[in-house]
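In: my questions concern the predicted model and sequence given below.
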There are 2 protein chains.
Amino acid sequence: MHLAKPYLLFIGDAHDELAAKTAIGVLDWCPDDCVGQFKLPGCVPDLGIQSLTMVEAANSGAKTVLIGVAVRGGTIPDSWTPHLVEALNHGMSIGNGLHTTLDSIPEIREAAKTSQGQLHEIRKPSGTMRVASGLSRSGRRLLTVGTDCSVGKMYTSLAIAREMQARHLDADFRATGQTGIFIEGSGVPVDAVVADFISGSVEDLCPAADDNHWDLIEGQGSLHHPSFAGVSLGLLHGAQPDSLVLCHEPTRTHMRGLPDRPLPSLEQAIAINLENALTVQDEVRFTGISVNTKNLSESESKRCLASLEDTHQLPCVDPFRTGVGAIVDNLI
Amino acid sequence: MHLAKPYLLFIGDAHDELAAKTAIGVLDWCPDDCVGQFKLPGCVPDLGIQSLTMVEAANSGAKTVLIGVAVRGGTIPDSWTPHLVEALNHGMSIGNGLHTTLDSIPEIREAAKTSQGQLHEIRKPSGTMRVASGLSRSGRRLLTVGTDCSVGKMYTSLAIAREMQARHLDADFRATGQTGIFIEGSGVPVDAVVADFISGSVEDLCPAADDNHWDLIEGQGSLHHPSFAGVSLGLLHGAQPDSLVLCHEPTRTHMRGLPDRPLPSLEQAIAINLENALTVQDEVRFTGISVNTKNLSESESKRCLASLEDTHQLPCVDPFRTGVGAIVDNLI
């Protein structure tokens, strides 16, 4: 899956910021790759960049229109169709992570036939899929794992990749989810792969590399989340990580979406990830803990990080508040 | 996925018994559901039941032609097409577990349009898929797990289901792979499900039931097999088992297909399965060990089972040699 940059961020008629969080994430991490936003009447959030028509976006050099908005039910509203057709008619591609595929809409399918632009369906993995070989491979790899879903795994992997690149280390971010793929322009939508091929698709995402090259792999789900743990374990095995970073949200009281399931302790999350990772990588270790403390005050955040650091004897950071330098120090 | 019985077992031009192992498995477990076999010129194995033409099979009441033969590359040879078309023309359905889908072959697709018979693609899960809820549910469930792939998980689950049914206990076999689905006539091909839906598809396969009802669920892969562990963990969580039975092949020296990866010890396999199962089921326990001792002599087999029983303090059986009665005794 490869998307051509720069992007036009399409947020349609998003009702609030949360609906536009994919676009916001892309803009946060690669503002230089975003030529502008495209809004329809009724759109509430504003990304704070210039609003462009499709013609203006094409003239500004935009190569791909990213659908950066979540829609109830994952369907593409009829009101979007003429604008997406116009994008294709001006030679731009479209990147779509909604459940409804672009080519299921006749007008869009027809326009794509004569356009230089392509339809990229993020939920439909492309390319040949294969069962994992499980063979040891060269290169270094770090995977973020979580006590739960949505605790900052993508953010942490990206932050570590950027920190390493800033230190002139040889490092690549490897995306496994929609927003990460939009940011990087490539990746594997691992939760959309056929079950037999989860680990194989991740082996292909981060193949053998130079001994001093690092892949910073975006984690998904949690081994403790009963809805998604199969994906998390396939990803863990396919990643064959040297290093793990545990991501955590300290105010979370239960597994996301499951009020009856308490969060595991950090000790439990560390233990189960290490035990499962040992199947593919003898030398694996945790090199840090990344805590999303946005729901804590500055002083609470400091106390939380210090306490976890004391308990686990690992660098504990909030990527947003403290940066991830301490984890990179420990890594190299 | 529901297949109408009885079956005609199609083994085409199979070169050896191994190629026909799906048909042999179906015949082993449900001989009364098989009206005959269908062989093409050059077919080496013989199932030991009557050979029928498509007309004879239809006249004998066959409802579904099962493609019970493995083919290199998973493609359907041209030489099969007229016979499968004939099957459809006589109103029979076709059950196919090969990678090539039946409806990708124009003659078969066309014949299906006017036939009462249906095309059942075992590798293409049907029905609506959903993410697992992870909610606790009623009923009792036993899942077979393995130190490796292909160590007798289907065989053991089926044997326990049959033993329980013979004791007039309320028990159902729940199939998760091609041969199991053919035997039961229904099931979920769990390794062909989109990764996000592994556990959800298994929750639907063995839903909430009476407190005294047992589902005997066919395991897949192994938590220690780096090619398939994601499937195994999704299945474990979706199954939400009360009881686990560990399946093992004592002469196996490395993980199937991976000469560099040693087998886990039985202790390791028990520990990692219990630890991961605890995420969804507090009361889970191992109730037995099922050993495939076909590569051992009678006396070696006895010594092996006695030694494992001594070490693990669990009933240890070879379903083929000793039956699974000791495990059922422990279960109830």
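Out: Thanks, I have the structure now. Residues are numbered from 1 along each chain as shown, chains lettered A, B, ... in the order given.

In: which parts of the stretch 151-300 of chain A are strands?
Out: Secondary structure of the stretch 151-300 of chain A (DSSP state E, counting those that start in this stretch): strands located at A:171-174, A:214-217, A:243-248, A:285-291.

In: as a markdown table, these with mean neighbour count, distance to B:Asp191 and mean pLDDT would be great.
Out: (Glycine included, C-beta is placed from N, CA and C.) Converted to a markdown table, those look like this (neighbours: other C-beta atoms under 10 Å in any protein chain shown; distance: least, C-beta to C-beta, whole Å; pLDDT from 0 to 100):
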| stretch | mean neighbour count | distance to B:Asp191 | mean pLDDT |
| --- | --- | --- | --- |
| strand A:171-174 | 22 | 24 | 98 |
| strand A:214-217 | 27 | 23 | 98 |
| strand A:243-248 | 26 | 26 | 98 |
| strand A:285-291 | 23 | 30 | 98 |
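
In: need these in CSV with distance to B:Arg285, can you?
Out: Output for those, formatted as CSV (distance: least, C-beta to C-beta, whole Å):
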stretch, distance to B:Arg285
strand A:171-174, 39
strand A:214-217, 35
strand A:243-248, 29
strand A:285-291, 30
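
In: minimum distance to B:Pro315: which of these has it?
Out: strand A:243-248 (37.6 Å; C-beta to C-beta).

In: by contact count, what packs against that closest one?
Out: strand A:140-146, helix A:153-166, helix A:266-277, strand A:285-291 (3 or more C-beta pairs under 8 Å, 6 or more residues apart in numbering or on different chains; DSSP states H and E).

In: which of these sits most buried?
Out: strand A:140-146 (a mean of 27; mean count of other C-beta atoms under 10 Å in any protein chain shown).

In: and that one, is it in reach of chain B?
Out: No: applying C-beta under 8 Å from any C-beta of the partner chain, one finds strand A:140-146 separated from chain B by no less than 13.6 Å.

In: would you give the sheet partners of that strand, along with the direction of each?
Out: According to DSSP bridges, strand A:140-146 forms sheet pairs with strand A:214-217 (parallel), strand A:243-248 (parallel).

In: taking the mean pLDDT, what do you get for it?
Out: Looking at strand A:140-146 alone, the average pLDDT works out to 98.

In: what helix or strand is the closest residue to chain B within the stretch 1-150 of chain A on?
Out: Relative to chain B, the nearest point of the stretch 1-150 of chain A is A:Gly134 (3.5 Å; C-beta to the nearest C-beta). A:Gly134 is part of no helix or strand, with elements assigned from DSSP states H and E.

In: so what's it up against?
Out: A:Ser199, A:His237, A:Val280, B:His225, B:Pro226, B:Ser227, B:Met255, B:Leu258, B:Arg261 (C-beta atoms under 8 Å, 6 or more residues apart in numbering or on different chains).

In: and A:Pro125, what pLDDT?
Out: Here, the pLDDT recorded for A:Pro125 equals 82.

In: could you find the closest non-adjacent residue to it?
Out: Excluding the flanking residues, the one nearest A:Pro125 by C-beta to C-beta, 6 or more residues apart in numbering or on different chains is A:Val193, at 5.1 Å.

In: for the one you found, phi and psi?
Out: Dihedral angles of A:Val193 (phi, psi; degrees, to the nearest 10) stand at phi -80, psi 150.

In: the residue minimising distance to the centre of chain A: what's it in contact with?
Out: Residue closest to the average C-alpha location in chain A (C-alpha atoms, centre = their mean): A:Gly180, at 3.0 Å. When contacts are counted by C-beta under 8 Å, 6+ apart, A:Gly180 touches A:Met154, A:Ser157, A:Leu158, A:Phe173, A:Gly187, A:Glu218.

In: so which bits of the stretch 201-332 of chain A are right by chain B?
Out: Going by C-beta under 8 Å from any C-beta, the residues of the stretch 201-332 of chain A near chain B are A:223-235, A:237-238, A:240, A:255, A:258, A:260-261, A:264, A:271-272, A:275-276, A:279-280.

In: of these, buried ones?
Out: Listed as buried from those are A:223-235, A:237-238, A:240, A:255, A:258, A:261, A:264, A:272, A:275-276, A:279-280; burial here means 16 or more other C-beta atoms under 10 Å in any protein chain shown.

In: what about the helices in the stretch 201-332 of chain A?
Out: A:229-239, A:266-277, A:298-312, A:325-331 (DSSP state H, counting those that start in this stretch).

In: tilt between the longest one and strand A:243-248?
Out: Helix A:298-312 and strand A:243-248 meet at an angle of 140 degrees, taking axes from the mean of the first three to the mean of the last three C-alpha atoms, to 10 degrees as the criterion.

In: from the contact counts, what lies against helix A:298-312?
Out: Helix A:298-312 sits against helix A:266-277, strand A:285-291, strand A:316-317, with contacts defined as 3+ C-beta pairs under 8 Å, 6+ apart.
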